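>>> Test case, fold it:
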Amino acid sequence: MINWLEKNNACKEGIDWCKENCDTMEDVWDKLKRVDWLVWVATRKGVLTDKELRLFACFCARQNWHLLTGESRNAIEVAERFANGNATKGELKAADAAFDAADAADAAFDAADAAHAADAAAAAYAYAAYAAYAAAAYDAADAAVYAAYAADADAADADAAAAAAGKEQMEWLRDNTTPNFGGTK
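You can find the predicted model right below:
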């Protein structure tokens, strides 16, 4: 376990927590309560499949579905179909181009605006469709939590919304993936 964490450049705080609470990486996966740490583990090379990472990025984007526009929604739907083998790269590229055009038209949004943050989560599908699956999944998770936070003006409610979004991400990861730690202890 410690070798795996060190090989992947885990932070000292994370390594110390693992030493105190876990015997294996499977324990780490099951016991982590911090969404940012679980998403970090999930997005290390080889832990999840490309398909799982793509679908996780789409799940994160869908967490703020109510804030998304038609092109964003279409992009997520096409990315999910692609991940499941039901869309071609050409369809994915067309959805990406339409999303990029819509995103350029919406560039006037303030970066702190919840809808813009939700669109940032949706944008991660484009990365998930190509080479940087892990980075996309990580970015989508972060953007979805931020969008949930930004959608509420009341700080206490915003914190609760962000915590709920993070909890949903952890549940999705544990329920929909099979992590591979290469037999490390």
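
>>> Give me the buried positions along the longest helix anywhere in the chain.
Across the chain, the longest stretch assigned as helix under DSSP state H is helix 155-176. Going by neighbour count (16 or more other Cβ atoms under 10 Å), the buried part of helix 155-176 is 158, 161-162, 165-166, 168-170, 172-173. The C-beta positions use only the backbone N, C-alpha and C, and glycine is treated the same way.

>>> Let me know the outermost residue of this structure.
E20 (27.1 Å; Cα atoms, centre = their mean).

>>> May I ask which helix or strand encompasses that residue?
Following DSSP states H and E, one finds E20 within helix 12-21.

>>> Just the CA atoms of that helix, as PDB, please.
Listed in PDB are the C-alpha atoms of helix 12-21, where the atom choice follows Å, rounded to 0.1, in the frame of the first residue of the first chain:
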ATOM      1  CA  LYS A  12       2.300  13.100   3.300                       C
ATOM      2  CA  GLU A  13      -1.000  13.700   5.100                       C
ATOM      3  CA  GLY A  14      -2.700  11.000   2.900                       C
ATOM      4  CA  ILE A  15       0.100   8.500   3.400                       C
ATOM      5  CA  ASP A  16       0.000   9.100   7.200                       C
ATOM      6  CA  TRP A  17      -3.800   8.600   7.200                       C
ATOM      7  CA  CYS A  18      -3.500   5.400   5.200                       C
ATOM      8  CA  LYS A  19      -0.800   4.000   7.600                       C
ATOM      9  CA  GLU A  20      -3.100   4.700  10.600                       C
ATOM     10  CA  ASN A  21      -6.300   3.400   9.100                       C
END
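
>>> helices or strands next to it in the packing?
Packing partners of helix 12-21 (3 or more Cβ pairs under 8 Å, 6 or more residues apart in numbering; DSSP states H and E): helix 2-7, helix 25-31.

>>> Let's see that with 10 Å instead.
Counting contacts by 3 or more Cβ pairs under 10 Å, 6 or more residues apart in numbering; DSSP states H and E, helix 12-21 is packed against helix 2-7, helix 25-31, helix 35-42.
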